[in-house]
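[1] here are the coordinates; sequence isn't available:
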């Protein structure tokens, strides 16, 4: 399921300082791309102000947009949605994504924004959990051209016969986004195939 179909327009992740470490648009024409830094600074300022007078921002609405906030440590997650999108469901998605992000971030922020690249897959997984329940099995091609996580997942499936992506993630302790990305690559290379 496309996140845009659920009313999601943009996702921003910012540090307390207002530095934008991640921005993904789900609209065909991204009106916010040019001003992403300015917008993320504004959104983080709203959160800082709200934290000083209350417990932080949860929701900001304009005439045509809803901004849903979620804070996790020093990072602020904000989703811009259509007005009719379910804010509670979007907040749950942001919370779930932030829990996965914690697993691959260092304890001390090192400034490497490329660490947030898996967030796109994490968001898509949250809107389409059925992908994680799809079964995969090996095609029989040799493992000699694989290494790292690709080789681990291939070996796991060779041992198990077939498995769902959620089982692979859980049993091998690999983040769901990595399992989805690597499995898709293995399917493209014809090492794995989806099965019913």
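    Received, thanks. Please read these numbers as outputs of a predicted model, since none were measured by experiment. Numbers count the residues shown, from 1 in each chain.
[2] Now stretch 184-196: buried residues?
    186, 191, 192 (16 or more other C-beta atoms under 10 Å). (Glycine included, C-beta is placed from N, CA and C.)
[3] Also stretch 145-155?
    Going by 16+ other C-beta under 10 Å, stretch 145-155 has these buried residues: 146, 149, 150, 151, 153, 154.
[4] One more: stretch 37-55?
    Using 16+ other C-beta under 10 Å as the test for burial, stretch 37-55 gives 39, 40, 41, 43, 44, 46, 47, 50.
[5] Now for residue 38: which residues touch it?
    With contacts defined as C-beta atoms under 8 Å, 6 or more residues apart in numbering, residue 38 has no neighbours.
[6] tell me which element it is part of?
    Assessed by DSSP states H and E, residue 38 sits inside helix 36-53.
[7] could you point out which element follows that helix?
    Immediately after helix 36-53, counting by DSSP H and E, sits strand 59-61.
[8] mind listing what that following strand pairs with, with the direction of each?
    strand 66-72 (antiparallel) (DSSP bridges).
[9] And the contacts of the strand it pairs with?
    By C-beta under 8 Å, 6+ apart, strand 66-72 touches 43, 47, 56-61, 76-83, 85, 87, 90-91, 94-95, 98-99, 101-102.
[10] Give the rounded mean pLDDT of the helix or strand harbouring residue 157.
    Element membership of residue 157 [criterion: DSSP H and E] is helix 148-160. Mean per-residue pLDDT for helix 148-160: 88.
[11] following that helix, which helix or strand comes up?
    As assigned by DSSP H and E, the chain's next helix or strand after helix 148-160 is strand 162-164.
[12] picking up where we left off before, so can I have JSON lines of the buried residues of stretch 37-55 showing distance to residue 114 and pLDDT?
    Shown next, in JSON lines, are the buried residues of stretch 37-55 (distance: C-beta to C-beta, whole Å; pLDDT from 0 to 100):
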{"residue": "39", "distance to residue 114": "21", "pLDDT": "83"}
{"residue": "40", "distance to residue 114": "17", "pLDDT": "83"}
{"residue": "41", "distance to residue 114": "21", "pLDDT": "83"}
{"residue": "43", "distance to residue 114": "22", "pLDDT": "88"}
{"residue": "44", "distance to residue 114": "20", "pLDDT": "86"}
{"residue": "46", "distance to residue 114": "27", "pLDDT": "86"}
{"residue": "47", "distance to residue 114": "24", "pLDDT": "87"}
{"residue": "50", "distance to residue 114": "30", "pLDDT": "85"}
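[13] Now for these: which two are most distant?
    Comparing all pairs in the buried residues of stretch 37-55 by C-beta to C-beta, the longest separation belongs to 39 and 50, at 16.6 Å.
[14] in the chain, which segments are predicted with low confidence?
    1-5, 29-36, 128-132, 196 (pLDDT under 70).
[15] tell me the contacts of residue 183?
    136, 153, 165, 168, 192.
[16] Between helix 148-160 and the helix or strand harbouring residue 183, find me the angle.
    In the assignment (DSSP H and E), residue 183 maps to helix 176-188. Orientation check (axes from the mean of the first three to the mean of the last three C-alpha atoms, to 10 degrees): helix 176-188 against helix 148-160 gives 80 degrees.
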